[in-house]
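> I would like to see how this sequence folds:
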Amino acid sequence: MNWTQFLLGVTAIYGIYYALNVLYDLFIHRRAPRAADGGNELTFDEDSPPERVIPEPSKRENEPTAKEGKAVISSGPLQSTGGINLKQLVSLIQNDVVEYTKAIPY
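Modelled structure (predicted):
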């Protein structure tokens, strides 16, 4: 048996399987009683007018501020020009622009 015969056999088996599934579905749907599809519809009886919701300013309790005596650490100005390709990434690494914190596994 070579690859051509094997692939033709697998294709034939799949075609027969697919045809049997289609025929089975056609016969099952003809015999199944058609019931009203009332179970998939949501209805709401009460009428409530829409109301405008205005968000209240929240208190930021978990954020460290200089007023509480905790130092606020800034990461510095962030800039991005978008994605870079692999060649540009290697160039940035060679120029010590990219700072990495752990070794890349091999």
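
> before we move on, what's the pLDDT of the residue most central in space within the chain?
Centroid check for the chain by Cα atoms, centre = their mean gives Gly83 as the closest residue, at 20.2 Å. Looking at Gly83, its pLDDT is 78.

> so how far is Pro105 from Ile93?
Remark: distance between Ile93 and Pro105 (Cβ to Cβ, to the nearest Å) = 16 Å. The C-beta positions use only the backbone N, C-alpha and C, and glycine is treated the same way.

> again, but for Val90
18 Å.

> the more surrounded of these two?
Val90 (12 against 4; other Cβ atoms under 10 Å).

> contact partners of the least confident helix or strand in the chain by mean pLDDT?
Least confident helix or strand, the chain: helix 86-94 with a mean of 85, by mean pLDDT, DSSP states H and E. Applying Cβ atoms under 8 Å, 6 or more residues apart in numbering, the contact partners of helix 86-94 are 84, 98.

> the same query, at a cut-off of 6 Å, please.
Val98 (Cβ atoms under 6 Å, 6 or more residues apart in numbering).
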